[in-house]
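[1] Quick check, what structure comes out for this input:
(2 chains)
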Amino acid sequence: MTGPREGFRPADHENDHFLLTTVVGSYPKPKWHDRAREMFEDDGSDFGEEEWQESKDDASRLITHEHERCGIDVVCDGEMRRNEMVEYFAHRIDGYEFNGRVKVWGHNYFDKPSVADEVEYGEQWLVEEFEFTDEVAERPVKVPITGPYTLANWSFNEVYDSEEQLAYELADLVNEEIEALVAAGARYIQIDEPALATTPDDHAIVGECLERIVDGVSASAASGGSSDSSDGVPDDVRLGLHVCYGDYSRIYPEILDYPVHEYDLELANGSYEQLDVFKEHGFTKDFAMGVLDAHTAEVESVEEIKRNIKKGLEVVPPERLTVSPDCGVKLLPREVARGKMENMVTAAREVEQELDAGEIDVVADSGAEASADD
Amino acid sequence: MPEIVATTPGLFPLPDWAKDKLSDLKGHQKTDLISGDEGAAITDAYERAREEVVSLQTDAGLDRISEGQLRWDDMLAHPLAIHDSVETRGIVRYYDNNNFYREPVVTDDLTADGDVAAELDAATVLVDSGLQAVLPGPYSLADLATDEYYGDDAAFLDAIADFLVGEVEQFPDVETLVLLEPSLVESPPEDGTDERASEAIDAVANAIDADVVTHTYWGYIEEKTYAHLMDADVDAIGFDLVADHDKNVYNVQEYGTKDDVALGIVDGQNTRVESPETIRDRIDWFEQQTNTAYDTVYATTNTETVYLPVNKFEEKIRSLANAATLEAPEADQ
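    Okay, here's the model as predicted:
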């Protein structure tokens, strides 16, 4: 059960093998877009809502096309409309309030929101972003959405008896949003749960959150849920989970039970020291492996990235390997981010050619459980 | 009726203007964190911020005044992170939080430093009475660091305790010293180490002529560790009643505690502000549960307050101060 992956193969794809290339989400914002935000937030400026909307649209179009020019198979708009992965959503959910910045490390701060009232679905979160991106993109679009566990864990909870309860309430709202995204045509949705890496003992809570998310989709948007563990997700919708910067041995293989098709994991940062974790127990879902370090400002060579991709083939066969950066790349200089994307795609295509030519021994077996019902 | 002393474990959030100012002056990368020999512009900014947080505490009516530990970019690892015999390496997670500090790796002899003493010296001119020093406890500081010099855990813990003693000996007169020991909860010491941890705390406590509080948080400490901690010559042990009131009360019921006690009864990691009445209720509850009349109850946030936005931090400080001065409820007849 690896979901509707072949549907993302471009019509003009030249190789028999297809290593799906994509991004995690965020991308460096053009400098003019940062300036536009500053002007929009400056009360003394005459840069208003309309101008800010235009800036967001222009940036979204530009970065979507930049991804396409790099040759990425499934693209994003680089999250040009979002400021931060929790703040953006908290601004749209009723019940949240903001009190000011808190420290993460050094002089890096974030406007950690407080849940001061019961959370309710407020204004739309991502449907407009998706519709715009989908409209301007030639390639399929992936929608990254911050997961309920991270939304709960990275907020102050003033209202609910436990963080777990808050996470489940938020899961119902994420479900509502995903339902709307699916209805709008989204077919590839990635749920970001970086907080799972910080509190790995809570993997069962994340699992319950995901069950709530997909079950809701079944009830309304789906034209008929499948009978597999992704019960409820329409057959042509692909769900991924992104986790990064943690000790995976504490959440794997348990996370394989989650109702998603794909796990997108950061591994290049740690020089693949944790790769063995995924070999000890068969990787029965799709593996979206980080092949680029999102926090080094040097562009990895095509050769280095090819070596990284081949490490993924030690875990899953090519038809279940997705190629992506470790994480969102928004902190990199833009030209570095672009260079990394270009080399990543070149490397993936070259590995596909080597696979076509039979030059690579795929170590991983095809995983009988995995592709059986595709 | 105990004397209620309103205080905090220090490590305050920087005022918002100082967040911006120091971001500009220092930068955002791990190589930009505090060095211990920062220049005049950075020193000036910290001095202004220190004056501000001292005034805040004084105006609120806190009974113990902390200088705020605003320079402690690495939180409790600070005294090592700026030491000449320590290399700082990657950014690592600070306990179970979405916060990070530079991993301090001890590569040479840990000589007395004087960095924390200098901060307290600067505060003495701002504080008329009730100055409170804050240090990481020796067990927690050793737990947060990596040793590449002393060779074994016992020698390293002793060296850390000696280092802290050297620091304390340079302190100006202070009313209270708070030793923060969250690692006693988060990384429970094994057999043998629990006793050494207590002896290390004892060594630091005996180096100063002040009331010493050893405060624990993020849960409760194992019974045996607690029993050993009771052997340390400190004036009070602190308990995190926000994270786990039942287990902490159990320890006190089973093993007793000192004549004074510190109670973490205001949440240092949540923006919901406790009223003075709630704070007093929690003190009363603890006294009833442990059936003890304490000489002094230190009423405090359970954790450092660096996790809070400034407005809520200020409200919590005021609530604590007001709780200490509330009229005692009429005794039940």
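[2] Contact partners for residue 262?
    No chain specified, so I'll use chain A. A:2-3, A:238-241, A:285-288, A:322 (Cβ atoms under 8 Å, 6 or more residues apart in numbering or on different chains). The way it works is simple: take the backbone N, C-alpha and C, and place the C-beta from them, glycine included.
[3] switch to chain B, that's the one I care about
    Per Cβ under 8 Å, 6+ apart, neighbours of B:A262: B:7, B:178, B:213, B:215, B:236-239, B:297-298, B:300.
[4] Just send those residues back as CSV, with distance to B:D113 and secondary structure too.
    Formatted as CSV, those follow (distance: Cβ to Cβ, whole Å; DSSP: H, G, I helix; E, B strand; the rest coil):
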residue, distance to B:D113, secondary structure
B:T7, 25, coil
B:V178, 19, strand
B:V213, 23, strand
B:H215, 22, strand
B:A236, 27, strand
B:I237, 27, strand
B:G238, 25, strand
B:F239, 30, strand
B:V297, 33, strand
B:Y298, 27, strand
B:T300, 27, strand
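[5] Can you add pLDDT, neighbour count and distance to A:V141 and give those back as a markdown table?
    A markdown table is the format used below for the contacts of B:A262 (pLDDT from 0 to 100; neighbours: other Cβ atoms under 10 Å in any protein chain shown; distance: Cβ to Cβ, whole Å):
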| residue | pLDDT | neighbour count | distance to A:V141 |
| --- | --- | --- | --- |
| B:T7 | 98 | 29 | 54 |
| B:V178 | 98 | 28 | 54 |
| B:V213 | 98 | 29 | 57 |
| B:H215 | 98 | 27 | 51 |
| B:A236 | 98 | 25 | 59 |
| B:I237 | 98 | 24 | 57 |
| B:G238 | 98 | 27 | 53 |
| B:F239 | 98 | 30 | 52 |
| B:V297 | 98 | 22 | 59 |
| B:Y298 | 98 | 30 | 56 |
| B:T300 | 98 | 29 | 51 |
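[6] Can stretch A:86-102 be said to contact chain B?
    Yes: Stretch A:86-102 lies within reach of chain B by Cβ under 8 Å from any Cβ of the partner chain, at A:99-102.
[7] which of the contacts of A:E262 count as buried?
    A:2-3, A:238-241, A:285-288, A:322 (16 or more other Cβ atoms under 10 Å in any protein chain shown).
[8] Return the closest of these with respect to B:L157.
    Closest approach to B:L157 among these (Cβ to Cβ): A:L241, at 41.1 Å.
[9] wait, A:E138 sits on A:G71?
    No: using Cβ atoms under 8 Å, A:E138 is not in contact with A:G71, being 11.5 Å away.
[10] neighbour-wise, which of these two wins?
    Neighbour comparison, A:E138 and A:G71: the larger count goes to A:G71, with 17 against 9 (by other Cβ atoms under 10 Å in any protein chain shown).
[11] ok, that one - contacts?
    A:21, A:342, A:345-346, A:349.
[12] Quick one, which of those residues are buried?
    A:21, A:342, A:345-346, A:349.
[13] which one of these is nearest chain B?
    A:E342 (26.2 Å; Cβ to the nearest Cβ).
[14] Mind checking which of the residues of stretch A:86-102 next to chain B are buried?
    Applying 16+ other Cβ under 10 Å to those flags A:99-102 as buried.
[15] Now tabulate the residues you listed in CSV and tack on pLDDT.
    What follows is these, written out as CSV (pLDDT from 0 to 100):
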residue, pLDDT
A:N99, 97
A:G100, 96
A:R101, 96
A:V102, 96
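[16] Restricted to strands, list these.
    Those of those mapping onto strands are A:V102, per DSSP state E.
[17] just to revisit the earlier point, mind checking which of the buried ones among the contacts of A:G71 land in strands?
    Using DSSP E, those in strands are A:T21.
[18] what would the buried ones among the contacts of A:G71 look like in CSV with pLDDT and distance to chain B?
    CSV is the format used below for the buried ones among the contacts of A:G71 (pLDDT from 0 to 100; distance: Cβ to the nearest Cβ, whole Å):
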residue, pLDDT, distance to chain B
A:T21, 98, 29
A:E342, 98, 26
A:V345, 98, 29
A:T346, 98, 30
A:R349, 98, 34
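[19] Many thanks, I have nothing further to ask.
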